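A.B. asks: Based on what follows, work out the 3D shape:
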Amino acid sequence: MHELARKIGGSGCVVLDGKILYSWGRIDRPVDWASASKPVLSTLFFCALDRKLVRSADERLIDCGVPLRGKDSTITFRSLGAMTSGYTLKEAAGKAYAYNDYGIQLYEYALLEYLFHQPAQEVASVQFEKLQFEDEWGYYHIPPKRHRITLSVRDYARLVWMWHNRGAWNEEQVIARKWFRKYMRPQVPYDLPHAAPCERINDYLEIGSYGGGADHFTHLGPGVYGFNWWYNRPTPLKEGALLFPLLDDDWILSIGVRGHLSLFSPKKNYALITSFGNWKDRQKEWGDYEPLLNSFVEHMEKTYGKGDATR
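C.D. replies: Okay, here's the model as predicted:
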């Protein structure tokens, strides 16, 4: 494990049976998880479902009061979590995929302003209270309407493990299990086309971007993306091969720039979380992540058995 940690670098931890087995670097230091923080929004959405602030993932935002126009009137929460909303782009919701940080910003905006009606820090403090974060954390505001969460590695690991356990933490069901059973899977159809090039970004709500463009990072998504997680499933851009062909199809990832990453499987009893990891040279091709991820899985299963989860 020491050699693997040395290769990855930065900070990180390995979770086994809900406890930290091994860690390196500053796992107590709060950091901005970049795109790896996007599952936080879907966590808040599941909390909104629990509180009956919204009826389902297919509820339209305009029915919650969000002043969308024209083709955007069909945008649902499912399409926001799947990067298929089409906000600022040419296509209507569900018609095309694009890794769209304006759509993600709309997701956050709708959650805070039209479902919870509270500032980001207040919402997160209530919803994440039972996770009992160990370190300083918070939502900081970036004008005009952006918010970014900062969490330490070991606190982010708590969020990941809660998803691993389908909403349970410390033997308590903190979010209803049914939402994870229903929605914790790819939400983008395998054959959905990629969005057409769009020279003009029409952000008429003036909410800005979550951090990137309206179509950036990767064309991957159909078949493998849903509620802000990447699933190791067949992808058309690899001619039907798995996203990571050397790994089983039950692995789930969050990935952000600057080496932020988590890897878990509901069928296994361990997980990997890294911050500022040395993944940079491996980002040219998605498969280039795979050697280190595969080494981690092989080590865990060789050392700790098959790793079958009890839940």
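A.B. asks: What ranges in the stretch 151-300 of the chain fall below the confidence cut-off?
C.D. replies: Low-confidence segments of the stretch 151-300 of the chain (pLDDT under 70): 279-288.
A.B. asks: Where do the helices of it begin and end?
C.D. replies: Listed in chain order, the helices of the stretch 151-300 of the chain (DSSP state H, counting those that start in this stretch) span 153-164, 177-183, 290-304.
A.B. asks: what about the nearest residue to residue 106 once chain neighbours are set aside, distance to residue 105?
C.D. replies: Spatial nearest neighbour of residue 106, excluding adjacent residues (CB to CB, 6 or more residues apart in numbering): residue 87 at 5.1 Å. Using the backbone N, CA and C atoms, a C-beta is placed for each residue, glycine as well. With distances taken as CB to CB, to the nearest Å, residue 87 is found 9 Å from residue 105.
A.B. asks: out of these two, which sits in the more crowded spot?
C.D. replies: Shown here are residue 87 and residue 105; by other CB atoms under 10 Å, residue 87 has more neighbours (28 against 25).
A.B. asks: shouldn't that one be in contact with residue 100?
C.D. replies: Yes: between residue 87 and residue 100 a contact is recorded at 6.7 Å, counting by CB atoms under 8 Å.
A.B. asks: re earlier: before we move on, which element is the residue nearest to residue 106 in?
C.D. replies: Using DSSP states H and E, residue 87 is not contained in any helix or strand.
A.B. asks: tell me the contacts of it?
C.D. replies: 68, 72, 75, 100, 102, 103, 106, 203 (CB atoms under 8 Å, 6 or more residues apart in numbering).
A.B. asks: Nearest to residue 54 among the residues you listed?
C.D. replies: Ranked by distance to residue 54 (CB to CB), the contacts of residue 87 are led by residue 75 at 13.2 Å.
A.B. asks: contacting residues around the closest one?
C.D. replies: Going by CB under 8 Å, 6+ apart, residue 75 touches 60, 61, 62, 68, 85, 86, 87, 93, 106.
A.B. asks: Check residue 7 too.
C.D. replies: Applying CB under 8 Å, 6+ apart, we find residue 7 in contact with 278, 292.
A.B. asks: Please report phi then psi for it.
C.D. replies: phi -70, psi -40 (degrees, to the nearest 10).
A.B. asks: how near is it to residue 101?
C.D. replies: Using CB to CB, we find residue 7 at a distance of 30 Å from residue 101.
A.B. asks: and if you look at residue 259?
C.D. replies: Following CB to CB, the distance that separates residue 259 from residue 101 is 19 Å.
A.B. asks: where along the stretch 201-311 of the chain do the strands fall?
C.D. replies: Assigned by DSSP state E, counting those that start in this stretch, the stretch 201-311 of the chain shows strands spanning 225-226, 229-231, 252-256, 260-264, 270-275.
A.B. asks: Take the ones you listed and write them to a markdown table, including distance to residue 212 and mean neighbour count.
C.D. replies: Output for those, formatted as a markdown table (distance: least, CB to CB, whole Å; neighbours: other CB atoms under 10 Å):
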| stretch | distance to residue 212 | mean neighbour count |
| --- | --- | --- |
| strand 225-226 | 15 | 24 |
| strand 229-231 | 16 | 23 |
| strand 252-256 | 10 | 22 |
| strand 260-264 | 14 | 25 |
| strand 270-275 | 19 | 26 |
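A.B. asks: how about these in CSV, adding distance to residue 1?
C.D. replies: Shown next, in CSV, are the strands of the stretch 201-311 of the chain (distance: least, CB to CB, whole Å):
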stretch, distance to residue 1
strand 225-226, 30
strand 229-231, 24
strand 252-256, 19
strand 260-264, 14
strand 270-275, 10
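A.B. asks: Need the CA coordinates for stretch 254-266. PDB is fine.
C.D. replies: The C-alpha coordinates for stretch 254-266 follow below in PDB (Å, rounded to 0.1, in the frame of the first residue of the first chain):
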ATOM      1  CA  SER A 254     -16.000  10.700  -8.800                       C
ATOM      2  CA  ILE A 255     -13.300  12.600 -10.600                       C
ATOM      3  CA  GLY A 256     -12.200  16.200 -10.400                       C
ATOM      4  CA  VAL A 257      -9.200  18.200 -11.700                       C
ATOM      5  CA  ARG A 258      -6.100  18.400  -9.600                       C
ATOM      6  CA  GLY A 259      -6.100  14.700  -8.700                       C
ATOM      7  CA  HIS A 260      -9.400  14.500  -6.800                       C
ATOM      8  CA  LEU A 261     -10.900  11.000  -7.100                       C
ATOM      9  CA  SER A 262     -12.900   8.400  -5.300                       C
ATOM     10  CA  LEU A 263     -13.500   4.800  -6.200                       C
ATOM     11  CA  PHE A 264     -16.000   2.400  -4.600                       C
ATOM     12  CA  SER A 265     -18.300  -0.500  -5.300                       C
ATOM     13  CA  PRO A 266     -21.400  -1.300  -3.400                       C
END
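A.B. asks: and residue 135, what does it touch?
C.D. replies: By CB under 8 Å, 6+ apart, residue 135 lies in contact with 28, 29, 30, 151, 152, 154, 155.
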